[in-house]
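Asker: here is a sequence with its predicted model. Questions after.
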Amino acid sequence: MNTEIWLLSMAGFCINDGKLSKYNFADEKEEVILEKAIQAQVSADGKMMLYRSGGDFGITKIAPGQKPDAGKLKLDNLEMKIDPSKEWQQIYIDGWRIYRDFFYVNNLHGVDWKAVKENYAQLVPFVDHRADLDFILSEMISESNTGHSYVDWGDFEKPKRIEGGLLGAQLIADEKTGYYKIAKIYKGQNWDESLRSPLTEQGVNVKEGDFLISIDGHEIKTTDNPYEFLENTIGKQVEIVVNSTPEKDFARTSTIKPIKSELDLLYYNWVLERRAMVDKLSGGKIGYIHVPNTAVEGNRELFKGMYAYNDKDALIIDDRYNGGGFIPDVMADLLDRKTLSYWNVNGLTPNENTRNCAQRSKSDADKRLLLFGWRRISVLFPKKRTWTINWNPHLGRSGWYFRKCTTG
């Protein structure tokens, strides 16, 4: 029996602090082969290795005390001629093989995978751009009827984009006056950059119903696109002029910093509206929590809501449009906790939890419903659910790589 084992250490998060070491079980002795080794590949005969140290590569003997630059390869002038058509053909075959060899079940959901390969292979000779190949790969793997199967884009340049700034507000054109009116200002949490609402920040004097008169000195009329004057302004100071009437006299000037996206603000305001509706219809007796996913954000919202609404008679935990994430065991544990001790308050009764889930929820939202069912937590099911969870492969950008597999 070979009593030696080669330990390949990954810098920062694996054994030996990034050192490639040799350990002999019989002597219980460890010898450092190479310092600062990030990766290493041992030759077939076990005598040599190709290693990576930082951005350098080298080939050296497998023996104790190797210097960090031992056998360093000079790659400064390394050039490679690539035939894209041949490379794309190889990528297509490799992608097909990975699904054939590493799919989480041997029967590949009953799909004739060889026939799938031959079918889509007819399109590969007509690929003129790597994005075209990515489309074909996406169509091919979709034949497996598997959730969590992805294709990452390949190596192609993307043009630099000039981002447009946004006000965090809804503008409507008032044809009678010829000006834009600020119909709605989205509420935000301005201490959080992702939920910053520019028109609600300190020192900004803008109200819903105001007319937008100008942006950075440019008068804005309904014949203009107001966002044209917000190009390349994200996070920069911009001067806007508004008035309660469609005229320049007595108008108010404020300095704002536009944001890149309003999506988070739209979501936040959607939750506030649902919460207010539940509070109104229940007479303040029921709390409302929306769980956007089962990752960090979803867990944070659930824990925040459970403490904030501990005095409510019941909770509605809304699972619609859920983005998936982690296995929701922590969420299930939180909702299934049993009371061990508490300070008694006259009139306080235990909470009842109801779970609401709609069709547009992803991956682990279904697992969560299953866990809640097992633990006898009330769930409102939609008419149908179609999501299935199988595995997490990625067809990678600079090579093929996989995430851990899960079955469901």
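Answerer: Received the coordinates, thanks. Numbering: from 1, shown residues only.

Asker: thought residue 187 was touching residue 270?
Answerer: No. Using Cβ atoms under 8 Å, residue 187 is not in contact with residue 270, being 10.9 Å away. Placement of C-beta: from N, CA and C, glycine included.

Asker: which residues sit in contact with residue 270?
Answerer: By Cβ atoms under 8 Å, 6 or more residues apart in numbering, residue 270 lies in contact with nothing.

Asker: how about the strands in the stretch 151-300 of the chain?
Answerer: Taking DSSP state E, counting those that start in this stretch to define them, one finds strands in the stretch 151-300 of the chain at 169-174, 179-185, 211-215, 218-219, 238-243, 252-256, 286-290.

Asker: closest one to residue 60 among those?
Answerer: Among the strands of the stretch 151-300 of the chain, strand 286-290 comes nearest to residue 60, with 56.6 Å by Cβ to Cβ.

Asker: now do that closest one: everything it contacts.
Answerer: Residues contacting strand 286-290 (Cβ under 8 Å, 6+ apart): 271, 274-275, 277-279, 301-302, 304-306, 308-309, 312-318, 320.

Asker: Provide the strand pairings for that strand, with the direction of each partner.
Answerer: strand 314-318 (parallel) (DSSP bridges).

Asker: restrict the next helix or strand after the partner strand to CA atoms and write it as PDB.
Answerer: Next helix or strand after strand 314-318 toward the C-terminus (DSSP states H and E): helix 329-335. The C-alpha coordinates for helix 329-335 follow below in PDB (Å, rounded to 0.1, in the frame of the first residue of the first chain):
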ATOM      1  CA  ASP A 329     -34.400  24.600   6.400                       C
ATOM      2  CA  VAL A 330     -33.600  27.800   8.500                       C
ATOM      3  CA  MET A 331     -36.900  29.300   7.400                       C
ATOM      4  CA  ALA A 332     -38.900  26.200   8.300                       C
ATOM      5  CA  ASP A 333     -37.100  26.000  11.600                       C
ATOM      6  CA  LEU A 334     -38.000  29.600  12.400                       C
ATOM      7  CA  LEU A 335     -41.700  29.100  11.700                       C
END
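
Asker: contacts only, for the residue nearest to residue 173 when sequence neighbours are not counted.
Answerer: Nearest residue to residue 173, sequence neighbours excluded (Cβ to Cβ, 6 or more residues apart in numbering): residue 222, at 4.3 Å. Applying Cβ under 8 Å, 6+ apart, we find residue 222 in contact with 173-175, 178-180.

Asker: switch these over to TSV; also include pLDDT, neighbour count and distance to residue 118.
Answerer: Formatted as TSV, those follow (pLDDT from 0 to 100; neighbours: other Cβ atoms under 10 Å; distance: Cβ to Cβ, whole Å):
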residue	pLDDT	neighbour count	distance to residue 118
173	97	14	55
174	96	15	60
175	94	8	59
178	96	13	62
179	97	23	62
180	98	22	57
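
Asker: check the residues you listed and tell me the two furthest apart.
Answerer: Taking Cβ to Cβ, no two of the contacts of residue 222 sit farther apart than 175 and 180, at 10.6 Å.

Asker: ranges for the helices of the protein?
Answerer: 84-102, 113-121, 130-142, 263-281, 296-308, 329-335, 364-374 (DSSP state H).

Asker: select, out of these, the one closest to residue 169.
Answerer: helix 263-281 (9.2 Å).

Asker: hang on, residue 89 packs against residue 124?
Answerer: Yes. With contact defined as Cβ under 8 Å, residue 89 counts as touching residue 124 (5.8 Å).

Asker: can you put the helices of the chain in JSON lines and add mean pLDDT?
Answerer: What follows is the helices of the chain, written out as JSON lines (pLDDT from 0 to 100):
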{"stretch": "helix 84-102", "mean pLDDT": "94"}
{"stretch": "helix 113-121", "mean pLDDT": "97"}
{"stretch": "helix 130-142", "mean pLDDT": "94"}
{"stretch": "helix 263-281", "mean pLDDT": "97"}
{"stretch": "helix 296-308", "mean pLDDT": "91"}
{"stretch": "helix 329-335", "mean pLDDT": "84"}
{"stretch": "helix 364-374", "mean pLDDT": "54"}
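
Asker: need the winner for burial among the ones you listed.
Answerer: helix 364-374 (a mean of 20; mean count of other Cβ atoms under 10 Å).

Asker: just to check, residue 123 is in contact with residue 136?
Answerer: Yes. In this structure, residue 123 is within contact of residue 136 by Cβ under 8 Å, at 5.3 Å.

Asker: on that earlier part again, now render the helices of the chain as CSV, adding distance to residue 56.
Answerer: Shown next, in CSV, are the helices of the chain (distance: least, Cβ to Cβ, whole Å):
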stretch, distance to residue 56
helix 84-102, 26
helix 113-121, 39
helix 130-142, 29
helix 263-281, 42
helix 296-308, 36
helix 329-335, 42
helix 364-374, 41
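
Asker: closest to residue 166 out of the ones you listed?
Answerer: helix 263-281 (8.8 Å).

Asker: run the chain-centre distance for the closest one.
Answerer: 22 Å (Cα atoms, centre = their mean, to the nearest Å).

Asker: by how many degrees do it and helix 296-308 diverge?
Answerer: 30 degrees (axes from the mean of the first three to the mean of the last three Cα atoms, to 10 degrees).

Asker: quick one: helix 263-281 to strand 179-185, angle?
Answerer: Using the same axes, to 10 degrees: helix 263-281 against strand 179-185 is 60 degrees.
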